[in-house]
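Visitor: Turn this into a model:
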Amino acid sequence: MNAQPERNGTSVKKLFGFFMVLVVLGLGIGIGTLISDRVDATAPPGDSQLEIQTDGKPVAGEDVLALSRAFEEVASRMEPAVVNINTEELIERRSQVPDQMPREPLNELFPWWFGPEQMPERQMPERQMPERQMRYSLGSGVIVDPKGYIVTNDHVVREATRIKVSLADNSEYMARVIGTDEVSDIAVIKIDGDKDFPFARIGDSRKMKVGDWVIAIGSPFSLDQTVTAGIISASGRLLTEGPSDYTEFNDYLQTDAAINPGNSGGPLVNMNAEVVGINSFISTSTMSSAGVGFAVPSHLFVSVYNQILETGKVRRGLLGIGLNNRPFTPAMAEYFGVKQGSGVLVTMVTGGAGSDEGTGPAAKAGIQPKDVVVELDGKKIFDDQDLLVAVAQMLPGKTVNVKVIRKGQEKNFQVTLAERTDLEQASSGYGFADEDEKPEPEIGLEFDDIPRRILQSLKIEGGAYVTSVIPGGLASDAGLSGEIQLWGEVLPGDIIISANENPIRSAQDLLDYFQKMKSGEAVILEFLYLKQGAPSTHYTSIVKP
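Guide: Model prediction:
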């Protein structure tokens, strides 16, 4: 009677246990499926392909998109007129030669630096240096006239023996210097072609306001046609120090558009696709963009450009006064009766160009020591640099109205400016007629028969062995190289083995071929390069001058 309930209890326990196993199994399958689905959702199948999406919708607002399109339009209009400038400077042998990349002298003196990017000199240890070597630099410029006139920085082309200009379409031209002005750091160079060149429009820098968008175009770090954007962070910026002794004679546009070595001479452009400045230098301690760049404004470089083309030199006005170069304090303003609280105190009236002291323009007009200049031709004068820059940007012979305060009384004087002559040595002209003769290039190649030791090791029939290549010559441009003695080891020169597919077996063969060529005729040279391991075959070309 008692056995039946016990058996029923055992059966219930077994059923309950079986049910729990099913529950646990179900949960396990469910969790496994969920994890598997999630893994499948994040891991792409092995045969899936990425595709470029073409149906995306803008996230930014219309104003942002319109600004982006404006940048695109300005860049596309400007790029054909922006050029890459490569210069070569012939360096005579010196007693000591740097063992590293040439350095811009200003690097050691100022945190203001914006020189052209400089390439390594082709050189060797000092004790085995050739008599001449080339230094290569890179800068930018902008074509401003369809005849091929280009505005760039003076420091880009200064001392250059050859200037090569590359356009956006990859065409290349040799340029000549029309004139330079070290004071403003502006140079004018010219290229010649058989058709008009694309050129840029010039805008009015005086209309640029702080906050206006601008773009800079140039070749920073050898990256040609690079476009960066920013704003005008200051206009009419006056600087008392900078990369040259003449910085204080100019005013500048300041921008945070990224500009770097190689941007020198490139345009700063407004949103009307007009050049409002020529990028000149930056303030930095790292030799790269720190967000503070300076451009020569258009109202200044246009004046320099026009004077160079008209007369070959740049002339600047002279007022003929000595300035008090100390701060004009509130106490001084009260003492001299200057209500506006600022101005320039005249300490002496000097002579004009070639005249005795006290007989210069200001003295002739009646200005006296202890007068305080507060206005020049309607422009407020706040300090001595205001006056210095304003007068320097005016032409000699111009009559200007000078407002002064004399013992609390306002007086106006009409002063005819003389010419400032102490800056003439900083400007130079190179002749600006289109028909100026161009210097003829030289091939600059010396060669001989192949030395026996090289001939036997290469097992070739013959050729013309390049013994030396003159820096700056056509052979150097073509990439040919002669013997080099490096650390006691002689690195062999190139071996020319054919000219326009005509075999060259000896030095005389090559000489005969060159002599038969006509001026302007090109020759394709096949040569062996021996300086790195096994000989390798290369080709180059030279056009006979």
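
Visitor: where do the helices sit along this protein?
Guide: Assigned by DSSP state H, the helices in the chain fall at 3-42, 62-78, 154-157, 298-311, 330-336, 361-365, 384-392, 452-458, 474-477, 507-516.

Visitor: For those, which has the smallest mean pLDDT value?
Guide: With a mean of 56, helix 3-42 has the lowest mean pLDDT of the helices of the chain.

Visitor: Can you verify my assumption that residue 351 contacts residue 361?
Guide: No: the criterion here is CB atoms under 8 Å, and residue 351 misses it with residue 361 at 9.6 Å. Backbone N, C-alpha and C define where each C-beta goes, glycine included.

Visitor: can you list residues touching both of the two?
Guide: residue 320 (CB atoms under 8 Å, 6 or more residues apart in numbering).

Visitor: pLDDT below threshold where in this protein?
Guide: The model of the chain has pLDDT under 70 over residues 1-47, 90-134, 284-289, 352-358, 424-441, 487-488.

Visitor: and residue 351 and residue 361? which has more neighbours close in?
Guide: The residue with more neighbours, out of residue 351 and residue 361 and counting by other CB atoms under 10 Å, is residue 361; that gives 28 against 16.

Visitor: need the contact list for the closest residue in space to the more buried one that isn't next to it in sequence.
Guide: With CB to CB, 6 or more residues apart in numbering as the criterion, residue 361 has its nearest non-adjacent residue at 4.5 Å, and that residue is residue 320. By CB under 8 Å, 6+ apart, residue 320 lies in contact with 349-352, 360-363, 418.

Visitor: Same question for residue 293.
Guide: 114, 216, 254-259, 279, 281-283.

Visitor: Wait, residue 416 touches residue 398, no?
Guide: Yes: under the criterion of CB under 8 Å, residue 416 makes contact with residue 398 at 7.2 Å.

Visitor: What count of nearby residues applies to the closest residue to residue 442 other than its chain neighbours?
Guide: Leaving out its chain neighbours, the residue that sits closest to residue 442 by CB to CB, 6+ apart is residue 473, at 5.1 Å. By other CB under 10 Å, the residues close to residue 473 number 20.

Visitor: Could you export stretch 149-166 as CSV, keeping only the C-alpha atoms?
Guide: Extracted in CSV, the C-alpha atoms of stretch 149-166 (Å, rounded to 0.1, in the frame of the first residue of the first chain):
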residue,chain,number,x,y,z
TYR,A,149,55.4,89.0,-66.6
ILE,A,150,55.6,87.3,-63.2
VAL,A,151,55.6,88.8,-59.7
THR,A,152,57.5,86.9,-57.0
ASN,A,153,59.7,87.6,-54.0
ASP,A,154,63.1,89.2,-54.4
HIS,A,155,64.6,86.6,-52.1
VAL,A,156,63.3,83.8,-54.3
VAL,A,157,65.4,84.9,-57.3
ARG,A,158,68.2,87.0,-55.6
GLU,A,159,71.7,85.8,-56.7
ALA,A,160,70.1,83.2,-59.0
THR,A,161,72.2,82.4,-62.1
ARG,A,162,69.3,80.5,-63.8
ILE,A,163,65.6,80.5,-63.2
LYS,A,164,63.2,77.8,-64.5
VAL,A,165,59.4,78.4,-64.3
SER,A,166,56.9,75.6,-64.4
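
Visitor: Would you mind checking which of the contacts of residue 320 is nearest to residue 512?
Guide: residue 418 (64.9 Å; CB to CB).

Visitor: okay, now that closest one: neighbour count?
Guide: The tally of other residues near residue 418 (other CB under 10 Å) stands at 22.

Visitor: Which strand residues bridge it?
Guide: As for beta bridges, residue 418 partners with residue 318 under DSSP bridges.

Visitor: That one reaches residue 315, doesn't it?
Guide: No: assessed by CB under 8 Å, residue 418 is found out of contact with residue 315, at 10.4 Å.

Visitor: Quickly note the distance from residue 156 to residue 165.
Guide: Residue 156 sits at a distance of 11 Å from residue 165 (criterion: CB to CB, to the nearest Å).

Visitor: Now residue 211. Nearest residue, chain neighbours left out?
Guide: In space, and not counting its chain neighbours, residue 211 is closest to residue 231: 5.5 Å by CB to CB, 6+ apart.

Visitor: returning to that earlier point: show me the contacts for the residue nearest to residue 442.
Guide: Residue 473 neighbours (CB under 8 Å, 6+ apart): 441-445.

Visitor: Which single one of the contacts of residue 293 is nearest to residue 181?
Guide: residue 281 (15.3 Å).

Visitor: on that earlier part again, list buried residues within the contacts of residue 473.
Guide: 443-445 (16 or more other CB atoms under 10 Å).

Visitor: Neighbours of residue 202, how many?
Guide: Residue 202 has 18 nearby residues by other CB under 10 Å.

Visitor: Adjust the sequence numbering to begin at 37 for everything that follows.
Guide: I'll keep to 37 as the first residue from here, and by that count the last item is residue 238.

Visitor: any idea how far residue 489 is from it?
Guide: Residue 238 is 63 Å from residue 489, by CB to CB.

Visitor: What's opposite residue 520 in the beta bridge?
Guide: Under the criterion used (DSSP bridges), residue 520 bridges to residue 527.

Visitor: How many residues are close by it?
Guide: Residue 520 - counted by other CB under 10 Å - has 16 other residues nearby.

Visitor: between residue 192 and residue 201, who's got more neighbours?
Guide: Counted by other CB under 10 Å, residue 192 and residue 201 do not tie: residue 192 has more neighbours, with 28 against 22.

Visitor: What's opposite residue 416 in the beta bridge?
Guide: Counting by DSSP bridges, the residues bridging with residue 416 are residue 411.

Visitor: mind listing what it touches?
Guide: Each residue near residue 416 by CB under 8 Å, 6+ apart is listed here: 376, 410, 422.

Visitor: Recalculate using a threshold of 10 Å.
Guide: By CB atoms under 10 Å, 6 or more residues apart in numbering, the contact set of residue 416 is 376, 378-379, 410, 422, 439.

Visitor: try residue 445
Guide: residue 373.

Visitor: what's the domain layout of this structure?
Guide: Annotated domains of the chain cover 99-348+459-475, 353-457, 481-579 [automatic domain parsing].

Visitor: Can you give me the separation between residue 421 and residue 457?
Guide: Separation of residue 421 from residue 457 (CB to CB): 21 Å.

Visitor: So for the two, which sits in the more crowded spot?
Guide: Between residue 421 and residue 457, counting by other CB under 10 Å, residue 421 is the more crowded of the two (18 against 14).

Visitor: Excluding covalently adjacent residues, which one is nearest to that one?
Guide: residue 274 is the one closest to residue 421 (CB to CB, 6+ apart), at 4.9 Å.
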